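Visitor: Below: sequence and its predicted model.
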Amino acid sequence: MVVIAFGLFWGVGKYAERVFAKRFPSRFPEKTLSYTADQLSALVTSDLRFKYVCPILFPLDLIVMLALAGAMGAASSHWIKQLYPSEAWLGLLVPGVYLLSDLIEDCLLAWLLLRGEPNEAARTVPMLKAITTIKFVSFSAAIALTLISLAGWLLSTRLGS
């Protein structure tokens with residue numbers, strides 16, 4: 001399940017690269033913090049902006065974020081439940097933060113792209129970068145939690161047998 005989710009992540013990324021390859025760094029507002037207000041302003045006024053909103057942000061990125069958060073949350077929660085049944089909810093918390101931050105980021109970005117207002121986009125860069133930072137940190141933490149809970153479960157089953 002987790003492997004399939006990461007496969008979707010990779011596939012959507014490759015599709016987006018083909019769409020944006022010649023004009024913009026592929027999905028730069030979602031993948032890096034090193035872009036400028038001018039770059040975001042250029043994106044929100046480009047003819048590619050509607051292709052970014054649909055199908056890339058919605059539905060493709062939405063499907064990917066649901067698959068990633070769902071798979072990592074289900075796996076982490078399951079493995080934590082085997083070790084500490086009352087703490088299984090913790091396996092859902094970090095992937096949930098990732099899901100919420102990615103969804104907020106996509107909604108803000110879609111709103112900017114649909115409005116097509118470069119000054120509004122420029123003013124929003126610090127907020128968008130802050131949300132993206134939360135997404136990056138929570139995504140990394142969700143991966144770490146999934147791997148640590150798997151390792152803990154594997155270790156406990158080895159020691160228990």
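Guide: The structure has been received and is ready for your questions. Treat the numbers as computed from the prediction; the structure is a model and nothing was measured.
Visitor: Need the pLDDT of Ala16.
Guide: Ala16 is assigned 83 on the pLDDT scale.
Visitor: Contacts for the helix or strand hosting it, please.
Guide: Secondary structure from DSSP states H and E places Ala16 in helix 2-20. Here helix 2-20 makes contact (Cβ atoms under 8 Å, 6 or more residues apart in numbering) with 26-27, 48, 51-52, 56, 60-61, 63-64, 67-68, 70-72, 75, 146. The C-beta positions use only the backbone N, C-alpha and C, and glycine is treated the same way.
Visitor: Tell me which entries of those residues lie within helices.
Guide: Taking DSSP state H as the definition of helices, the contacts of helix 2-20 contribute 51, 63-64, 67-68, 70-72, 75, 146.
Visitor: Now do the host helix or strand of Ala144: distance to the chain's middle.
Guide: Using DSSP H and E, Ala144 falls within helix 118-160. Relative to the centre of its chain, helix 118-160 is centred 8 Å away, using Cα atoms, centre = their mean, to the nearest Å.
Visitor: Closest to the centroid, which residue in this protein?
Guide: Asp102 (4.7 Å; Cα atoms, centre = their mean).
Visitor: Would you enumerate the residues in contact with that residue?
Guide: Applying Cβ under 8 Å, 6+ apart, the residues near Asp102 are 61, 65, 69, 135, 139.
Visitor: how many neighbours does Trp89 have?
Guide: 12 (other Cβ atoms under 10 Å).
Visitor: Please look at it and Ser77 and confirm they touch.
Guide: Yes: at 7.1 Å, Trp89 and Ser77 qualify as touching, with contact defined as Cβ atoms under 8 Å.
Visitor: if we can go back for a sec, just the buried subset of the contacts of helix 2-20, please.
Guide: 26-27, 52, 56, 60-61, 64, 67-68, 70-72, 75, 146 (16 or more other Cβ atoms under 10 Å).
Visitor: Which helix or which strand is home to the nearest residue to Thr157 once chain neighbours are set aside?
Guide: In space, and not counting its chain neighbours, Thr157 is closest to Gln82: 8.0 Å by Cβ to Cβ, 6 or more residues apart in numbering. Counting by DSSP H and E, the element that carries Gln82 is helix 62-83.
Visitor: Could you do Leu109 as well?
Guide: Using DSSP H and E, Leu109 falls in helix 90-115.
Visitor: Who are the contact partners of Leu48?
Guide: Leu48 touches 19-20, 23-24, counting by Cβ under 8 Å, 6+ apart.
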